[in-house]
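Asks: Sequence plus the predicted model coming up.
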Amino acid sequence: MNKEPQEKSVRTLRVGEQVRHVLSEILQRGDVHDETLAKHVVSVTEVRMSPDLRHATVFVKSLLGRDEEAVLKALRTNTAYLQREVAHRVQNKYAAKLKFLADESFDEGSHIDALLRRPEVARDLDAE
């Protein structure tokens, strides 16, 4: 039985979590000298690494979802600095290229919750 794919999966998860932790720390400490990022609290909710660990998709959410586009633009503007810092702090063979995206999962969860609370849906669920 070959366990190699599973090990790679665990490795990508572990490295993704390391990258998430490093980026969160950088943003929390205000190490990025950017006016937009200084004005917003940004959470790094998840980092998904490619199997070869050369690419990282970083999902972020600004506090209360305010000025999300401006925050994403600021992160993308400072990508080179963030990549250097991540490469320095996470010891990997290659420095991962970072791609920043808004985390939509909270919005989707809120939407589903709102749908489930609608009177006609609640009535149908109570009938069961």
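Replies: Everything's here; your move.
Asks: Can you name the helix or strand that Arg123 falls in?
Replies: With elements taken from DSSP states H and E, the one containing Arg123 is helix 119-127.
Asks: Report the mean confidence score over that helix.
Replies: Throughout helix 119-127, pLDDT has a mean value of 70.
Asks: so what pLDDT did Glu108 get?
Replies: Reported pLDDT at Glu108 in the predicted model: 57.
Asks: If you could redo that for Val90, that was the one I meant.
Replies: Per-residue pLDDT puts Val90 at 91.
Asks: max-length helix in the chain?
Replies: As far as residue count goes, and with DSSP state H defining each element, the longest helix of the chain is helix 4-29.
Asks: now the helix or strand just after it, how far from the centre of its chain.
Replies: Proceeding N to C from helix 4-29, the next assigned helix or strand is helix 35-39, under DSSP H and E. Distance of helix 35-39 from its chain centroid, counting by C-alpha atoms, centre = their mean, to the nearest Å, is 18 Å.
Asks: same check, this time on stretch 28-39
Replies: Computed by C-alpha atoms, centre = their mean, the chain-centroid distance of stretch 28-39 equals 17 Å.
Asks: can I get the CA coordinates of it in PDB?
Replies: Output for stretch 28-39, consisting of C-alpha atoms alone and laid out as PDB, is shown next (Å, rounded to 0.1, in the frame of the first residue of the first chain):
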ATOM      1  CA  GLN A  28      -1.000  41.800  13.200                       C
ATOM      2  CA  ARG A  29       2.300  43.400  14.100                       C
ATOM      3  CA  GLY A  30       1.900  46.000  11.300                       C
ATOM      4  CA  ASP A  31       5.200  45.000   9.700                       C
ATOM      5  CA  VAL A  32       3.800  46.000   6.300                       C
ATOM      6  CA  HIS A  33       4.100  49.700   5.900                       C
ATOM      7  CA  ASP A  34       0.800  50.300   4.000                       C
ATOM      8  CA  GLU A  35      -1.800  52.900   5.000                       C
ATOM      9  CA  THR A  36      -4.800  50.700   4.000                       C
ATOM     10  CA  LEU A  37      -3.500  47.700   5.900                       C
ATOM     11  CA  ALA A  38      -2.700  49.800   9.000                       C
ATOM     12  CA  LYS A  39      -6.300  51.000   9.100                       C
END
